[in-house]
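# sequence first, then the predicted structure:
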Amino acid sequence: MDNIKLTKLAACAGCGAKVGAGTLSQLLDGLPVIKDEKLLVGFDKSDDAAVYKINDDMALVQTLDFFPPIVDDPWLFGQIAAANAISDVYAMGGEPKLALNIMTVIEAMTREAIHEILRGGYEKAFEAGAIISGGHTINDTEPKYGLSVTGFVHPKKILTNSGARPGDVLILTKPLGIGIITTAAKAGLVPEALTAKINQQMAELNRKSRDNMVNYEVHSCTDVTGFSLIGHCCEMAEGSNATINLMAAGINYHKEALEYASMGMIPAGAYKNRDFAEGRTEISASVSLPLADIMFDPQTSGGLLISVAEKDSQHLLNDLLHHTDAAIIGYVSEAGEKAVVVK
């Protein structure tokens, strides 16, 4: 296994392996929606997690996420996959408490490699204050790892991706470009320092950002992962019956991603995201194609996209800048012809 790179064992990497949002909506279309007054958030709004009310003071948050390797180091892969899964609970304003492993292994993987993936996941869950209490592992043709995560939130403090209000300011807590950079890395074009930087970003929990945002008047939140910034903005806009306005000059992204995008280092998931969102989106002619590619780029363990009242936006941003590269990237307006407008 020392001579085998994990990323060479899978056709897709990280959240880039997700089924496209357009395909997913077709697959879910027509499925029966079970009505239960205690089910506060289901799959009908394409939200990050399900929420079920236990009593007036507590609701259960449930999510699941797993994917193929996006890095070659098994321990780091476990860290990133766990952080990505746990992020869905943070996006709902919740606190993760319990998790189960989901894992597929191949014959070429040694016991040590499998152990290191699991160790990375356990340590990241412990950092988040959650306990991994078991799981399920099967043989497959590709390695994959992730978590089913259970958390808790007060029923009146749930944050969904469908609560954005006109006048809100949009903040993104982590820079974009992960999918493009990891695609370039497969071609041997990325220096070690940049690789280390994006690996650290992917393994970073969104816990501190969640801690910051719950102190302010936040109306909506989602984490930006495989469906890209624009894809997740489409879901937020349509769920909120509003239009998301993105300011291209304010988008936070890794500058190297622009160069790699110009070279054509675009992951397949970005094209799926563009197919889903392009008809819902108006992009100004002044926005370069490489920058647009970054906004369609699938992210792995990406940042939180926060829709916050304008009066609190600068205060929240100042708090976030103590530990992230957050930026104000746009605003919410009344619903227009398009779900997302990029200026």
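Sure thing, it's come through.
# just the strands in the stretch 101-250 of the chain please.
All strands of the stretch 101-250 of the chain, identified by DSSP state E, counting those that start in this stretch, fall at 131-139, 144-153, 169-172, 218-223, 242-246.
# and those as JSON lines, adding mean neighbour count and mean pLDDT?
C-betas here are computed from N, CA, C, even on glycine. Output for the strands of the stretch 101-250 of the chain, formatted as JSON lines (neighbours: other C-beta atoms under 10 Å; pLDDT from 0 to 100):
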{"stretch": "strand 131-139", "mean neighbour count": "12", "mean pLDDT": "95"}
{"stretch": "strand 144-153", "mean neighbour count": "23", "mean pLDDT": "97"}
{"stretch": "strand 169-172", "mean neighbour count": "25", "mean pLDDT": "98"}
{"stretch": "strand 218-223", "mean neighbour count": "25", "mean pLDDT": "97"}
{"stretch": "strand 242-246", "mean neighbour count": "24", "mean pLDDT": "98"}
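# by mean pLDDT, point me to the weakest helix or strand of the chain.
For the chain, using mean pLDDT, DSSP states H and E, the weakest element among its helices and strands is helix 21-28, scoring a mean of 59.
# what's the burial count for residue 122?
Applying other C-beta atoms under 10 Å, we find 18 residues neighbouring residue 122.
# that one against residue 131, yeah?
No. Between residue 122 and residue 131 there is no contact under C-beta atoms under 8 Å: 9.1 Å.
# beyond the least confident helix or strand of the chain, next helix or strand please.
strand 39-41 (DSSP states H and E).
# how is this protein carved up into domains?
6-157, 169-342 (automatic domain parsing).
# out of these, nearest to residue 163?
For residue 163, the closest of the domains of the chain is domain 169-342, at 4.0 Å, according to C-beta to C-beta.
# turn the domains of the chain into CSV, columns for distance to residue 163.
Listed next are those as CSV, based on distance: least, C-beta to C-beta, whole Å:
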stretch, distance to residue 163
domain 6-157, 10
domain 169-342, 4
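# returning to that earlier point: nearest to residue 313, out of the strands of the stretch 101-250 of the chain?
Here strand 169-172 is closest among the strands of the stretch 101-250 of the chain (C-beta to C-beta), at 3.7 Å.
# what are the pairing partners of the closest one, and which direction each?
strand 304-308 (antiparallel), strand 327-334 (antiparallel) (DSSP bridges).
# so which of the ones you listed has the densest surroundings on average?
A comparison of the strands paired with strand 169-172 by mean neighbour count, using mean count of other C-beta atoms under 10 Å, puts strand 304-308 on top with a mean of 27.
# correct me, but residue 186 touches residue 69?
No. Using C-beta under 8 Å, residue 186 makes no contact with residue 69, being 11.4 Å away.
# between these two, which has more neighbouring residues?
The neighbour comparison of residue 186 against residue 69 (other C-beta under 10 Å) goes to residue 69, with 27 against 14.
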